[in-house]
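Participant: with the sequence up front, the predicted model follows.
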Amino acid sequence: MNVFVTLPDGELRDDFFPNEVRHRLESLGSVAWNPSTDDLSEDALRERIDGVDVLVTGWGSPRVTADVLQAADDLQLIAHTGGSVGTLVTDAVYDAGIRVVSANDVMAEYTAEHTLGLIIAKLRAVPELDASMKAGEFDADDVDIRSLYGKDVGLVGLGTIGRKLLDHLASFDVSASIYDPYVDPEEIAKYPFATLTDLETALDAAVVSVHAARTDETIGMLDADRLARIPDGALFVNTARAEIVDEAALMAELRSGRLAGVFDVYHQEPLPADHELRTLDNVLLTPHVGGSQIRGPLTESVIDDIERFERGRPLEHEISRRHWKTMTR
């Protein structure tokens, strides 16, 4: 089995492929590594892909287009160490019968964990209490401490992360309203506390969390009119993609104090040092680390599927064409 890893030489590749993981991959066959410190172009990939059975990709990898595939007679599997393959693969990949796996499911577990942690931290006023303690105080009388237990939670989009979050929410006796036109009711049947609803109903909740993919259909979906439907005092959470929300409308709501916010994604990343979000007391911010900083398990899951593929076993992290079409782009 001939494997080619597109990730360029450098710190990022070392993070995804520490020595023990690198050696494990190399034990599976003949592995060639991108020798450059730069991401490959599509033309460079086309020149290199001849004779490759398994293509291992990551952030910054070129799209696998019909033109690239003209030189890929042996390619059978694309294994992506990141989450979404929305901008990586094309219809031509599926037309050619090439299978696709990614670490999307595993990354979703960590992102859902991060999302839950942020929600609880904000509701329980952890940042405020921490600041108060470090200021020498021992008084919470003026701090608004809430709980997730028994809350109405609205999910805008479900996706893999939303499903993982539902697993966590099951312990908190919540009622979850889910807006996702691509989800079949049978898919959430195992969550008796969750109901598929329209968008307006999902927004009418004490905690509203965004989990939709960024697509042409969802960009700007949460505009001023829709944000205004969220109840006063609610917590608005976005660990998905910033572009789903109209930034000016969101800033107006946060600035007014009507809503509190929790964010891991931003319209401009890195978030500018002078961005107004950094000055607001009613928001909790993290630097887009929901699933991206825990990298070893991502690569391990992809190598697991490469092993399964080699042995003719079912793949656990396969991305179907249907799933690919709804992934973030």
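Facilitator: Cool, the structure landed.
Participant: so for stretch 277-292, mean pLDDT?
Facilitator: In this model, stretch 277-292 carries a mean pLDDT of 94.
Participant: right, I mislabeled it, should have said stretch 117-130
Facilitator: So the average pLDDT for stretch 117-130 ends up being 98.
Participant: equivalent analysis for stretch 20-34, please.
Facilitator: In this model, stretch 20-34 carries a mean pLDDT of 97.
Participant: begin at 47, not 1, for the rest of this chat.
Facilitator: All set: I'll call the first residue 47, so the last point we hit is now stretch 66-80.
Participant: who touches it?
Facilitator: The contact list for stretch 66-80, computed with CB atoms under 8 Å, 6 or more residues apart in numbering, reads 47-55, 59, 63, 86, 94, 98-100, 102, 342, 345-346, 349, 352-353, 356. From N, CA and C alone the C-beta is placed, and that goes for glycine too.
Participant: repeat for stretch 263-283
Facilitator: Contacts of stretch 263-283 (CB under 8 Å, 6+ apart): 161, 164-165, 168-169, 202-203, 245-246, 249-256, 258, 289-292, 294-296, 298-299, 304-309.
Participant: among these, name the buried ones.
Facilitator: Buried by 16 or more other CB atoms under 10 Å: 161, 164-165, 168-169, 202-203, 245, 249-256, 258, 289-292, 295-296, 299, 304-309, out of those.
Participant: so which of those residues belong to strands?
Facilitator: 202, 253-256, 306-309 (DSSP state E).
Participant: so which of those residues comes closest to Val146?
Facilitator: Val256 (25.5 Å; CB to CB).
Participant: just to revisit the earlier point, quick one: which of the ones in strands among the buried ones among the contacts of stretch 263-283 is nearest Ala240?
Facilitator: Among those, and counting by CB to CB, the member closest to Ala240 is Ser255, at 12.6 Å.
Participant: residues in contact with that closest one?
Facilitator: 161, 165, 199-202, 208, 211, 283-285.
Participant: same check on Glu364?
Facilitator: Residues in contact with Glu364 (CB under 8 Å, 6+ apart) are 145-147, 351.
Participant: and the buried ones among those residues, selectable in PyMOL?
Facilitator: Buried residues within the contacts of Glu364, by 16+ other CB under 10 Å, are selected in PyMOL with:
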select buried, resi 145+146+147+351
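Participant: among the contacts of Glu364, which are located in strands?
Facilitator: Among those, the ones falling in strands (DSSP E) are 145-147.
Participant: now pLDDT too, for the residues you listed, in a markdown table please.
Facilitator: Putting these into a markdown table (pLDDT from 0 to 100) gives the following:
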| residue | pLDDT |
| --- | --- |
| Arg145 | 98 |
| Val146 | 98 |
| Val147 | 98 |
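Participant: nearest to Thr157 among those residues?
Facilitator: Val147 (18.2 Å).
Participant: where do the helices sit along the stretch 147-296 of the chain?
Facilitator: Assigned helices in the stretch 147-296 of the chain, in chain order: 150-169, 172-180, 205-215, 245-249, 270-273, 293-302 (criterion: DSSP state H, counting those that start in this stretch).
Participant: Ala125 belongs to a strand, doesn't it?
Facilitator: Yes. Checked against DSSP: H, G, I helix; E, B strand; the rest coil, Ala125 lies within a strand.
Participant: and it, how far is that from Ser221?
Facilitator: Separation of Ala125 from Ser221 (CB to CB, to the nearest Å): 39 Å.
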